[in-house]
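Asks: curious how this folds, go ahead:
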Amino acid sequence: MTGFGAEIGTRLRERRALVGIVGLGYVGLPLALAALQAGFPVLGFDVDPGRVAALNRGEGAFHHIPGDALAEARAAGTFAATGDMARLGEPDAVLICVPTPLTRHREPDLSYVEATARAIAAALRPGQLVVLESTTWPGTTAEVMRPILEAGGLRVGHDVFLAYSPEREDPGNPAFDTARIPKVVGADDPVSAELAQTLYGALTVETVPVSSAAAAEAVKLTENIFRSVNIALVNELKLVYDAMGIDVWEVIGAAATKPFGFMPFWPGPGLGGHCIPIDPFYLAWKAREFDVPARFIELAGEVNTRMPHHVVERLAAALDGRGRTVSGSTVLVLGLAYKRNIDDTRESPSLRLIRLVEARGARALYHDPLVPVLPPTREHPDLTGRRSVPLTPETLAAADAVLVATDHDGVDYALVAAHAPLVVDTRNVMARNGLTGAHIVKA
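Replies: Numbers count the residues shown, from 1 in each chain. This is a model prediction of the structure:
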């Protein structure tokens, strides 16, 4: 390796390279921590001035991401956050961790990626490594990122370097932080590939090189589509077995005792988070360009998207059995985050449940010990600012139904069972805690 590649390669190996991370959210912050722990100085970029200010004060941003390490790094001068995108020319390596949502028509929205690429291009200098981590369709790095970066005359693979390495975060999983998750790395030229492997080899337990950026992009989609399809399967089995009077959780639990050939997935009220509800549609959209139908993927998306509607129908039937209707009832949604023990509400099915019960004339309240105030969300901006109500005997008794949407560990489910007149449980958490009764209904 010679020229600019050799220069940055040396800085990466000696851990003198400044690592820039664009997007200090659920992916970018853990990545910043991994880089700091590996000995790299980090400059973080975010468009949210409140988050930038909080991080520069040494405050943590999310419940499951400890702020102590960032505060110590800030005090030591090895970490800083900024909203000034003109400083993107300072880092030796720029890692992009911005959202890739869907449009209203369920087509990929690359506006955040494109805006970030243009900001980087405006400050780009020879010798920088740029890595896209945001989940996207195969070809984005080569077809979208590269032309923007090369528009000023610098050449990828010679003057600057470009790779793709998909994020693999599992928020709230203490067994696998960023540093302990193998990192897939792909690039379309050998120098970019080597530099990316050098960087991530220092940050994580293992790098997994693949032949191209597109292959790496496909790896991430494959991982999430695998989960989406299997969750859709058990959600559909829940509907079938429920009609037969069979408990799907009992069936899956027993099937999981088979030591080979079976992997348990569990049903729920719908999909949440930034990956699984969105990523399959990225591949289905791209497949149309090649005239290849992705029927299986699209069907799984349809099944999972319909689950909140099924839950509300079960709620309506349970209320009807007690002489009430959804209209005019008070429904307490228990859990707002998209999964247990985190404060992440992105794409949470709980928000859709609130929407659906309110559309049918109910009054919707929520309790979530990790989400005291509902933050802004793309799909439901008008719900912003709603507050968690206290979980007390009085609050529970005043609700016509408690709808368990997220099974946080820090909730007193015995209190819920004792005082709620009706519990509709989408997570089987009541049974897992040994709580039964005619007023507890699974959905």
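
Asks: neighbouring contacts of the helix or strand Ala254 falls within?
Replies: Ala254 belongs to helix 248-255 when elements are defined using DSSP states H and E. Residues external to helix 248-255 that are found in contact with it (C-beta atoms under 8 Å, 6 or more residues apart in numbering): 234, 237-238, 241-242, 262, 264-267, 428, 431, 442. All C-beta spots, glycine's among them, are computed from the backbone N, C-alpha and C.

Asks: now do stretch 260-270
Replies: With contact meaning C-beta under 8 Å, 6+ apart, stretch 260-270 is reached by 227, 230-231, 233-235, 237-238, 248-249, 252-253, 255-256, 277, 304-305, 307-308, 311, 349-350, 352-353, 405, 426-428, 443.

Asks: then stretch 65-72?
Replies: For stretch 65-72, the surrounding residues in contact (C-beta under 8 Å, 6+ apart) are 26, 29-30, 32-33, 36-37, 55, 58-61, 79.

Asks: who touches Leu43 in this structure?
Replies: Leu43 is in contact with Leu18, Val19, Gly20, Ile21, Phe79, Ala80, Ala81, Thr82, Arg87, Glu90, Pro91, counting by C-beta under 8 Å, 6+ apart.

Asks: what residue ranges in this structure score low on pLDDT?
Replies: Filtered on pLDDT under 70, the chain yields the residue ranges 1, 60-61, 63-64, 66-67, 273-277.

Asks: which of the contacts of helix 248-255 count as buried?
Replies: Under a neighbour-count criterion of 16 or more other C-beta atoms under 10 Å, the subset of the contacts of helix 248-255 counted as buried comprises Val234, Leu237, Lys238, Tyr241, Asp242, Phe265, Trp266, Pro267, Asn428, Lys442.

Asks: right, and Thr103 touches Leu110 too?
Replies: No - with contact taken as C-beta atoms under 8 Å, Thr103 and Leu110 are classed as non-touching, separated by 10.1 Å.

Asks: and those two? which has more neighbours close in?
Replies: For Thr103 versus Leu110, the count of surrounding residues by other C-beta atoms under 10 Å is larger for Leu110: 21 against 10.

Asks: how far away is the more buried one from Ala202?
Replies: 29 Å (C-beta to C-beta, to the nearest Å).

Asks: what about Gly328, neighbour count?
Replies: Per other C-beta under 10 Å, the neighbour tally for Gly328 reads 12.

Asks: how much space separates it from Glu313?
Replies: Here Gly328 is placed at a distance of 17 Å from Glu313 (C-beta to C-beta).

Asks: over to Leu422?
Replies: The value you get for Leu422 to Glu313, if C-beta to C-beta is used, is 15 Å.

Asks: ok, now Lys286?
Replies: Look at Lys286 and Glu313: by C-beta to C-beta, they are 34 Å apart.

Asks: same check, this time on Glu217
Replies: Computed as C-beta to C-beta, the Glu217 to Glu313 distance reads 38 Å.

Asks: also Leu195?
Replies: Taking C-beta to C-beta as the criterion, Leu195 is separated from Glu313 by 53 Å.

Asks: in the stretch 201-350 of the chain, which spans are strands?
Replies: Ranges of strands within the stretch 201-350 of the chain are 207-209, 330-334, based on DSSP state E, counting those that start in this stretch.

Asks: possible to save those strands as TSV with mean neighbour count and distance to Leu365?
Replies: What follows is these, written out as TSV (neighbours: other C-beta atoms under 10 Å; distance: least, C-beta to C-beta, whole Å):
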stretch	mean neighbour count	distance to Leu365
strand 207-209	17	46
strand 330-334	24	5
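
Asks: and Asp177, which of the ones you listed is closest to it?
Replies: Ranking the strands of the stretch 201-350 of the chain by their distance to Asp177 (criterion: C-beta to C-beta) puts strand 207-209 first, at 16.3 Å.

Asks: strands paired with that closest one, and their directions?
Replies: Neighbouring strands of strand 207-209 in its sheet, by DSSP bridges, are strand 183-185 (parallel).

Asks: who touches the partner strand?
Replies: Here strand 183-185 makes contact (C-beta under 8 Å, 6+ apart) with 163-166, 168, 193, 196-197, 200, 203-204, 206-210, 216, 219-220.

Asks: so which of these sit within helices?
Replies: Judged by DSSP state H, helices contain the following of the contacts of strand 183-185: Ala193, Ala196, Gln197, Tyr200, Leu203, Ala216, Val219, Lys220.

Asks: who touches the closest residue to Gly25 other than its chain neighbours in this structure?
Replies: With sequence-adjacent residues excluded and distances taken as C-beta to C-beta, 6 or more residues apart in numbering, Gly25 is closest to Cys97, at 6.8 Å. Remark: with contacts taken as C-beta under 8 Å, 6+ apart, Cys97 is in contact with Ile21, Val22, Gly23, Leu24, Gly25, Val27, Gly28, Leu31, Glu133, Ser134, Glu167.

Asks: now swap in Ser350 and tell me
Replies: Contacts of Ser350 were listed using C-beta under 8 Å, 6+ apart, and they are Pro269, Gly272, Val333, Gly335, Leu336, Ala337, Tyr338, Tyr366, Ala405, Thr406.

Asks: JSON lines for those residues, including distance to Pro182?
Replies: Formatted as JSON lines, the entries for the contacts of Ser350 read as follows, by distance: C-beta to C-beta, whole Å:
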{"residue": "Pro269", "distance to Pro182": "31"}
{"residue": "Gly272", "distance to Pro182": "25"}
{"residue": "Val333", "distance to Pro182": "37"}
{"residue": "Gly335", "distance to Pro182": "31"}
{"residue": "Leu336", "distance to Pro182": "32"}
{"residue": "Ala337", "distance to Pro182": "27"}
{"residue": "Tyr338", "distance to Pro182": "24"}
{"residue": "Tyr366", "distance to Pro182": "37"}
{"residue": "Ala405", "distance to Pro182": "32"}
{"residue": "Thr406", "distance to Pro182": "29"}
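
Asks: Leu403 versus Thr204, what's the distance?
Replies: Distance check for Thr204 against Leu403: by C-beta to C-beta, it reads 39 Å.

Asks: returning to that earlier point: and the buried ones among the contacts of stretch 260-270, selectable in ChimeraX?
Replies: With 16+ other C-beta under 10 Å as the burial test, the buried ones among the contacts of stretch 260-270 are selected in ChimeraX as follows:
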select :227,231,234,235,237,238,248,249,252,277,304,305,307,308,311,349,350,352,353,405,426,427,428,443
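
Asks: now, the contacts of stretch 260-270 that are in helices?
Replies: Judged by DSSP H, the contacts of stretch 260-270 include 227, 230-231, 233-235, 237-238, 248-249, 252-253, 255, 304-305, 307-308, 311, 349-350, 352-353 as members of helices.

Asks: run through the residues that contact Asp291.
Replies: Neighbouring residues of Asp291 by C-beta under 8 Å, 6+ apart: there are none.

Asks: kindly report the same for Glu236.
Replies: If you count contacts by C-beta under 8 Å, 6+ apart, Glu236 has them with Val303.
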